[in-house]
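Colleague: Whatever this is, show me its structure:
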Amino acid sequence: MSRLLICSIAFTTLSLVRNLNAQTETGPGSTPAQPAPSPAAEAPVPANSSSTATLPEEQPKSAAPGPAVPQPAPAAPIVGPAERDPDPGTAGVYQGVFFIRDRKDVLRLYVQGRAMIDFYSFHGPGVTHVSSLNPSFLLRKVRLELGGELYRKVQWFFGGDFGMNSTSLGANQSVVVRAAPADVYVNYKAHPLLNVELGQFDLPFTAETRTSDKFLPFMERSVPVRVIGKGNAKDTGLMLWGNLDKRRVAYAVSLVQGDGMNRPNVDHRFDVVARTYVRPLAGTELPIRDLQLGASVRRGSRDQHLVNYDYPAMTTAGGYTFWKPTYGSATSASNPAGQTHVIPSDGQTLVAAELRVPTEAFDFTFEGLYGSENTREAQDANLSQSLRFGTLTSYGYYAQVGFWPFGNAYVNGVPGDQGVTSVDFSKPDKAPLSALQLLLKWEQLSAHYRSNERSGATPSDIEGKIALNALSMGATYWLGKVFRLSANYGINWFPHSAPSSATPGQANARVWSDEQRAQAPGNTLSPGVDDSARDHAHVLHELSFRAQVAF
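Modeller: Numbering: from 1, shown residues only. Next up, the predicted model:
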């Protein structure tokens, strides 16, 4: 009896399991289960109904069942990226970054790059006679970049630049393009307040310098930042940096070689470069809660017996050189000594202050810079033999207003907040945002080169003041951080500029003096080419466009 009972229970259980599997597991060739009848189908037919339809329970047992009617699949709801794919997997695009990672998320690779395709057009007196100012397309930057992370503690990044960087040609109109390392560094994150970065990087001096060029509001950094702050230059060394939550306080202190991008240390000396900023209203609900105040300093020295490279030339946003650190004729039989060079020597001190006031649709940015740099002069024949020792003091500033008429403001990120590439997969992914940014900027540069202030019998031929005023307007359409279209227009004034020699046959011909050593393009023309522009040019108009892809 007990055996019969056990067999009955086992048989009943097996039958229930088989029925359950048939209802919940549909094989590739099986027929889907019929949906439950609707309440209308279960309702009894009224007595006076003329319908002759047979209810299911009244169907004859011998009737063959009809074929199953396939039910339409419910429409898939439209969901955002985070809902559609909560697990980004081991490869893909997340927060605009292409990544590859192992299943345990120990090692990550970030495949990155940028391409800046520019067009430049120059206008003003005498411009058509200056070959370097012809209308031109330019592959401004072409970079292949690769970043990565290990255990979320160690980050690295390296990239090479294959762009042209300038519309200038080499000797005999040769093309000046060569591959060179750009940003190359390794970073260890001990704590948000303490990161240790080693390699070649953007110096922590001014907010514009610490903003990646692919996210700059204008196509190029401002003239004072590039001239005084050496804003386009990177350097190699060690940097400690960190910040508090919501960037209430941030700092960066670096020890670098001081000799510039891709140049080894030539004089056993180093520069200290530091920057800090605070956001005193962070965490409040005020419209200006992201108000930012900051300061930067750079201090170093150059050995007069070992450093022979030139002081950097001064250029406009479009790349026109309005002051050169060289003068005189090239080496020849009649001039064996060659050109004279202005070279950094001994103490170099730079300071800067910054203010940024962003609101919902407007932002105001101001940065002021001051530099006091010692120099010396030497000739090609013997660059180690100094002719005179002087100083170059400079100050400058820019004031910029931005307006976001539509779209998601600040889609290009916060200026000066450059960090290392790291994707936070705990945050939901978002579709690319777009916006239009309109810009207006005024900037001034004033420098004074005193060639023999520290020693030397006579001043040089280029001693004097260097002045530039510039007004710029711009518009940029952003599609996330990946794509941008930019148009910039700038007017550069060189007050009281003049040619370096008198124009023959001109009464009261103007010649440059120590009151202004900067020159407009027309002032550089040879006599007889366009004498009106040569004597009276003081302005240069620059119109530029950029299509950029950066990922």
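Colleague: Show me the shaky parts of the protein.
Modeller: 1-86, 166-172, 175 (pLDDT under 70).
Colleague: Show the residue spans covered by the strands in the stretch 301-450 of the chain.
Modeller: In the stretch 301-450 of the chain, the segments counted as strands under DSSP state E, counting those that start in this stretch are 314-315, 321-323, 326-327, 340-358, 362-379, 388-407, 434-455.
Colleague: closest to A274 out of those?
Modeller: For those, the distance to A274 is smallest for strand 340-358, at 10.5 Å, taking C-beta to C-beta. In this view, the C-beta of every residue, glycine as well, is placed from N, C-alpha and C.
Colleague: ok, I491 - contacts?
Modeller: A470, L471, S472, V539, L540, H541, E542 (C-beta atoms under 8 Å, 6 or more residues apart in numbering).
Colleague: so the first one is in which element?
Modeller: The one in question is A470. strand 464-479 (DSSP states H and E).
Colleague: of the strands of the stretch 301-450 of the chain, which approaches A295 most closely?
Modeller: strand 340-358 (5.3 Å).
Colleague: Who are the packing partners of the closest one?
Modeller: In terms of contacts (3 or more C-beta pairs under 8 Å, 6 or more residues apart in numbering; DSSP states H and E), strand 340-358 is packed against strand 292-302, strand 326-327, strand 362-379, strand 388-407.
Colleague: Which of the ones you listed sits closest to S121?
Modeller: Closest to S121 of the helices and strands packed on strand 340-358 is strand 388-407 (C-beta to C-beta; 22.6 Å).
Colleague: Now do that closest one: distance to the chain's middle.
Modeller: 17 Å (C-alpha atoms, centre = their mean, to the nearest Å).
Colleague: hang on, the earlier thing: compare the strands of the stretch 301-450 of the chain and give me the one nearest P264.
Modeller: Across the strands of the stretch 301-450 of the chain, P264 has its closest neighbour in strand 340-358 (15.9 Å, C-beta to C-beta).
Colleague: rewinding a little: closest one to D118 out of the contacts of I491, please.
Modeller: E542 (11.5 Å).
Colleague: How about the secondary structure of that closest one?
Modeller: Here E542 takes the strand state, with states given by DSSP: H, G, I helix; E, B strand; the rest coil.
Colleague: For the spatially closest residue to it that is not a sequence neighbour, list the residues it contacts.
Modeller: Closest residue in space to E542, ignoring its immediate chain neighbours: G318 at 3.8 Å, by C-beta to C-beta, 6 or more residues apart in numbering. By C-beta under 8 Å, 6+ apart, the contact set of G318 is Y120, F122, E220, G490, L540, E542, S544.
Colleague: Please report which of the contacts of I491 has the highest neighbour count.
Modeller: L540 (27 neighbours; other C-beta atoms under 10 Å).
Colleague: burial count for G456?
Modeller: By other C-beta under 10 Å, neighbour count at G456 equals 17.
Colleague: With adjacent residues omitted, what lies nearest to R114?
Modeller: In space, R114 is closest to A550, 4.0 Å off (C-beta to C-beta, 6+ apart).
Colleague: Let me know the distance separating that neighbour from V142.
Modeller: A550 is 11 Å from V142, where distance means C-beta to C-beta, to the nearest Å.
Colleague: between these two, who's got more neighbours?
Modeller: Each of A550 and V142 has its neighbours counted (other C-beta under 10 Å); A550 has more, 21 against 17.
Colleague: that older thread, which one among the contacts of I491 gets closest to S345?
Modeller: A470 (29.4 Å).
Colleague: ok, the closest one - contacts?
Modeller: By C-beta under 8 Å, 6+ apart, the contact list for A470 reads V223, T316, A317, K441, W442, E443, Q444, G490, I491, N492, W493.
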